[in-house]
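>>> Provide a 3D model corresponding to the input given below.
(chains A and B)
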Amino acid sequence: MRKMLPVLLTALLVLSACSAKPSTSTLKVFNWGVYIDDAVIAEFEEKYDAKVVYDNFESNEAMYTKLQGGEKYDVLVPSDYMIERLIDEDKLQKLDFSKIPNYEGIIETLKGLPSDPTNEYSVPYFWGNVGLLYNTETVDLADLEEQGWNILINTKYAGKVFIYDSERDAFMIAYKALGYSANSTVPAQTEAAYQWLRKLNSTMDPAYVTDDVIDNMIEGVKDIAVMYSGDAAYIVTENESMAYFVPREGTNLWVDSMVIPSDAQNPDLAHKWINFMLEKEVALMNTVYVGYTTPVQEVFDEVTGEGGDYEGIEAYIPRTGDEHDETFRYDEDLKRILSDLWTKVKAQ
Amino acid sequence: MKGFANLVRPYMVWIFGGIVIPMLLIVLYAFTKHGNSVMAFQFTLDNFIKFFDPVFVKVLMKSFEVAVVTTLLCILLGYPIAYIIANVNEKIQTLLLLLITMPMWINMLVRTYSWISILSDKGLINGFLVYLNLSPIKMMYTDFAVILGMVYNFLPFMILSIYTALAKMDKAIIHASYDLGANRTQTFLRVVFPLSLSGVISGITLVFLPAVSTFVIPKFLGGGQYMLIGNLIENQFITVGEWNFGSAISMIMAAIIMFSMYMTRRFDRDIEETSKGGGVVW
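Modelled structure (predicted):
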């Protein structure tokens, strides 16, 4: 059935619109929203005399759904566990690293990630972790340090929290708050995490948000928000009463990487794109514009060094080497269970 | 004439490709589950059984509640507005209609998003309240915000369809009513209102259907924990990737909507028959 759908959808596309013929110089990129400096795209187009079709997605799952619908892209930028899934399902092609000389400059700890242990399919684009952005004027740092993730069920802050609407992140927080692994598959632990989230939902009057949390926290609408480090790095430069905190119970350390799908129409240009993104000037423009942490060592050193854009901004430097921090692993069954439970938490 | 009949063909292709095939796919998905490598899909009723979890039924009830409240508010607000528009002189009518439709030129997403900055805790209204030394009111992420957003978005449909019914009404009938000694209230209640009911009913359809299935408005103004049936379906397709369950919910939804449409139609026909027969509705 799943295989039939792409065919039907394509047929529909042909019926409904004049389907654009893929010219050799068109590159289709599928990336997260607000994740690139548009000037970079224009520069690439000029340098390689190509046309870039650039689409956004909101979550790894939404990206996957669109691919399932038969949409073809040349470059994708999913997170680690989704890359693991795509490799597992044979949907990615091996990269030709001779065409990506800039790979040399990638931060060493970001090579050989659990999602792609042999470094064959993916090249890091941005990386970071998940933490809490809080208003230093209204939230007591002592509470955060003492309670960690459990501050999210402290009714002292009821009605003042934003929760990121992603089942994987929500359950990561619950697991960590209870002292479990973020990839736990023990039913009793999942049940406990579910109850923890239900408690959060019923006692804290939380608002579940996605990217709209950025504008809201710059305005200071609420006091605590679950947030990706890169968004936090951007917000603390816009609103100085905000600060970023990563609970010591551990968090999710993630890496979003560039990959080329096996059905890419223009893999050659896709390699050029990947290499281009790692060029020093380009990576610098991107990281300064977006706020997420660059995987390029040289650029990382420059922006965090003296006089750099992110000098002294903790959120920009994801914690590494902490034994409590984990990357997500792909697990089809766990994903289905968590999705169901998350729907129930929110629909309660 | 025969030559013209052929012109319907592209339309048939369109209907078939754009409506029939997707509908069949939804039905197929709703009654199947993830297959194994040997069989592509397996027949099952599990998706429907799964829906009758109290949590999901509550979501359905809540969606209907919100849609009914929205529709009632749209009638209460829309009828007087349509009545006023239909009774001013024609130049002003055109202008007023333009004003009603103008917001619809802007994308609904943008308009809904802008309500956030009006309603939020540090938004326009609360900023003004604070300026006046009053205490701010929490409006975002409440029933109030969601229903406001819905009424705001769907009110024009109600106004326009009631207006159409009122405007096409034969003025001679109203004059006849006055001639026969009815006063303004009696004329309105016994002549104008019954004759405009067809407009009200098509307005109800135009407002209720999108209101019961929308997911954008509750997502932005309700803050996610405000889950309606539209959000549940979107969630199953986009985030969870459970197309089968999503399709089953869509089918349940479609069945309920078709039933309510059928009831409205019948009601509409009854009214028309009564008014044609010269009887009094009340």
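
>>> in the sheet, who's paired with residue A:161?
residue A:224 (DSSP bridges).

>>> am I right that it is in contact with residue A:203?
No. At 10.8 Å, residue A:161 does not count as touching residue A:203 under the criterion of C-beta atoms under 8 Å. (Glycine included, C-beta is placed from N, CA and C.)

>>> quick one, which of these two is more surrounded?
Higher neighbour count among residue A:161 and residue A:203: residue A:161, with 22 against 12, using other C-beta atoms under 10 Å in any protein chain shown.

>>> now do the helices in the stretch 201-348 of chain A.
A:212-218, A:229-238, A:267-277, A:280-290, A:297-304, A:332-347 (DSSP state H, counting those that start in this stretch).

>>> could you give me the buried positions within the fourth one?
Of the residues in helix A:280-290, those buried by neighbour count under the rule 16 or more other C-beta atoms under 10 Å in any protein chain shown are A:282-287, A:289-290.

>>> and the next helix or strand past the helix or strand where residue B:202 lies?
Assignment of secondary structure by DSSP states H and E places residue B:202 within helix B:193-213. Downstream of helix B:193-213, the first helix or strand assigned by DSSP H and E is helix B:216-221.

>>> and the next element down the chain from that next one?
Counting by DSSP H and E, what follows helix B:216-221 is helix B:229-235.

>>> how about that next one, does it get close to chain A?
Yes. Helix B:229-235 reaches chain A (C-beta under 8 Å from any C-beta of the partner chain) through B:232, B:235.

>>> which strands or helices does that helix pack on?
helix A:332-347, helix B:54-87, helix B:193-213, helix B:216-221, helix B:243-276 (3 or more C-beta pairs under 8 Å, 6 or more residues apart in numbering or on different chains; DSSP states H and E).

>>> ok, 6 Å please
Judged by 3 or more C-beta pairs under 6 Å, 6 or more residues apart in numbering or on different chains; DSSP states H and E, helix B:229-235 is in contact with helix B:54-87, helix B:243-276.

>>> what's the mean pLDDT across the following helix or strand past the first one?
For helix B:54-87, the following helix or strand on the C-terminal side (DSSP H and E) is helix B:90-101. Throughout helix B:90-101, pLDDT has a mean value of 93.

>>> can you pull the buried residues of helix B:90-101?
Neighbour-count burial for helix B:90-101, counted by 16+ other C-beta under 10 Å, picks out B:93, B:96-97, B:100.

>>> separation between the residue in the stretch 201-348 of chain A that chain B sits nearest to and residue A:230?
In the stretch 201-348 of chain A, the residue that lies nearest chain B is residue A:208 (2.8 Å; C-beta to the nearest C-beta). Distance, residue A:208 to residue A:230, by C-beta to C-beta, to the nearest Å: 20 Å.

>>> ok, now residue B:152?
From residue B:152 to residue A:230 the distance is 34 Å (C-beta to C-beta).

>>> again with residue A:312
Taking C-beta to C-beta, one finds residue A:312 at 16 Å from residue A:230.

>>> ok, those two, which is more surrounded?
Between residue A:312 and residue A:230, residue A:230 has the larger neighbour count (other C-beta under 10 Å), namely 24 against 9.
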